[in-house]
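*Asks:* Got a predicted model here, sequence first, then my questions.
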Amino acid sequence: SQTIHQWPATLVQPVGSPLSLECTVEGTSNPNLYWYRQAAGRGLQLLFYSVGIGQISSEVPQNLSASRPQDRQFILSSKKLLLSDSGFYLCAWRRTGQGLNTEAFFGQGTRLTVV
Amino acid sequence: RKEVEQDPGPFNVPEGATVAFNCTYSNSASQSFFWYRQDCRKEPKLLMSVYSSGNEDGRFTAQLNRASQYISLLIRDSKLSDSATYLCVVTGWSTGFQKLVFGTGTRLLVSP
């Protein structure tokens, strides 16, 4: 069976500090990978998606970057955090090659508070 | 206009009640539709996919109306454990890549 791991679960970081959130998927190959952010009381905003190693697309301009160094590893980073980067960050994966009607599976999320 | 719109609620219902949520989407080319459930401070989890002919899973029924571009979720015999936020999800396209677009969610509170 497939599983997705995301860590850490919670994080408190000072403004200006770097960030690295990691997500790994097990039990599948060549998944589509996503990073979403959910601000308090808001919907999920797609930040980045990846269809393969080294292939990253950004949905919105921001203070964050993403990388996919391995097939099942997706990393979200920032060199200098802003207060506005606070939120609930969710990694997700979807199967590929099985048509369009495929759902996404989410990691447990990282609750980031920038202080 | 937002790609996916939902009434944020909250919907306050007693146990045993029937409650329905609607969701509208703007992209007529959308092909896949889902309802997710999100508990407080947790990740979203798939509740059910929505098929063109409508589908049912126990107390939950999902419907799709392509002509009017909305999907619905009906919950019968509400349980306390149904209290959560329900997210409507629609597929969209971004520079040739299919993505999932989430609504902001409808909050349901089921009381004893």
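*Replies:* Everything's here; your move.
*Asks:* contacts and neighbour counts: CA atoms only from here.
*Replies:* Will do.
*Asks:* now what about the helix or strand harbouring A:Ser50, what contacts it?
*Replies:* Using DSSP states H and E, A:Ser50 falls within strand A:44-52. Contacts to strand A:44-52, defined as CA atoms under 8 Å, 6 or more residues apart in numbering or on different chains, come from residues A:30-38, A:56-60, A:66, A:68, A:71, B:101-104.
*Asks:* go again using 6 Å as the cut-off
*Replies:* For strand A:44-52, the surrounding residues in contact (CA atoms under 6 Å, 6 or more residues apart in numbering or on different chains) are A:Asn32, A:Leu33, A:Tyr34, A:Trp35, A:Tyr36, A:Arg37, A:Gln38, A:Ile56, A:Ser57, A:Ser58, A:Glu59.
*Asks:* hang on, isn't the first one packed against A:Thr102?
*Replies:* No - between A:Asn32 and A:Thr102 there is no contact, the gap being 10.8 Å when judged by CA atoms under 6 Å.
*Asks:* among the contacts of strand A:44-52, who's most crowded?
*Replies:* Tallying neighbours with other CA atoms under 10 Å in any protein chain shown puts A:Tyr34 at the head of the contacts of strand A:44-52, with 29 neighbours.
*Asks:* Strands of chain A, start to end?
*Replies:* With DSSP state E as the definition, chain A shows strands at residue ranges A:3-7, A:10-13, A:19-26, A:32-38, A:44-52, A:55-58, A:65-70, A:73-78, A:87-94, A:105-106, A:110-114.
*Asks:* go on, chain B?
*Replies:* According to DSSP E, chain B carries its strands in the segments B:4-6, B:11-14, B:19-25, B:33-38, B:45-50, B:55-57, B:60-65, B:70-75, B:84-94, B:97-102, B:106-111.
*Asks:* contacting residues around B:Pro10?
*Replies:* Contacts of B:Pro10 were listed using CA under 6 Å, 6+ apart, and they are B:Arg107, B:Leu108.
*Asks:* do you know how far it is from B:Thr85?
*Replies:* 9 Å (CA to CA, to the nearest Å).
*Asks:* okay, and the common contacts of the two?
*Replies:* Shared contacts of B:Pro10 and B:Thr85, defined by CA under 6 Å, 6+ apart, are found at B:Arg107, B:Leu108.
*Asks:* which residues does the closest residue to A:Ser58 other than its chain neighbours bridge with?
*Replies:* Closest residue to A:Ser58 apart from its sequence neighbours, by CA to CA, 6 or more residues apart in numbering or on different chains: A:Phe48 at 4.6 Å. According to DSSP bridges, A:Trp35, A:Ser58 are recorded as the beta-bridge partners of A:Phe48.
*Asks:* Tell me how far A:Phe48 lies from A:Phe74.
*Replies:* Plainly put, A:Phe48 is 10 Å away from A:Phe74 if you go by CA to CA.
*Asks:* Now for A:Gln13, how many residues are close by?
*Replies:* Per other CA under 10 Å, the neighbour tally for A:Gln13 reads 16.
*Asks:* correction: A:Ser29
*Replies:* Using other CA under 10 Å as the criterion, the residues surrounding A:Ser29 number 13.
*Asks:* sorry, back to before: tell me which of the strands of chain A approaches B:Thr18 most closely.
*Replies:* Comparison of the strands of chain A against B:Thr18 by CA to CA identifies strand A:44-52 as nearest, at 27.0 Å.
*Asks:* Let me know the angle separating the closest one from strand A:73-78.
*Replies:* 130 degrees (axes from the mean of the first three to the mean of the last three CA atoms, to 10 degrees).
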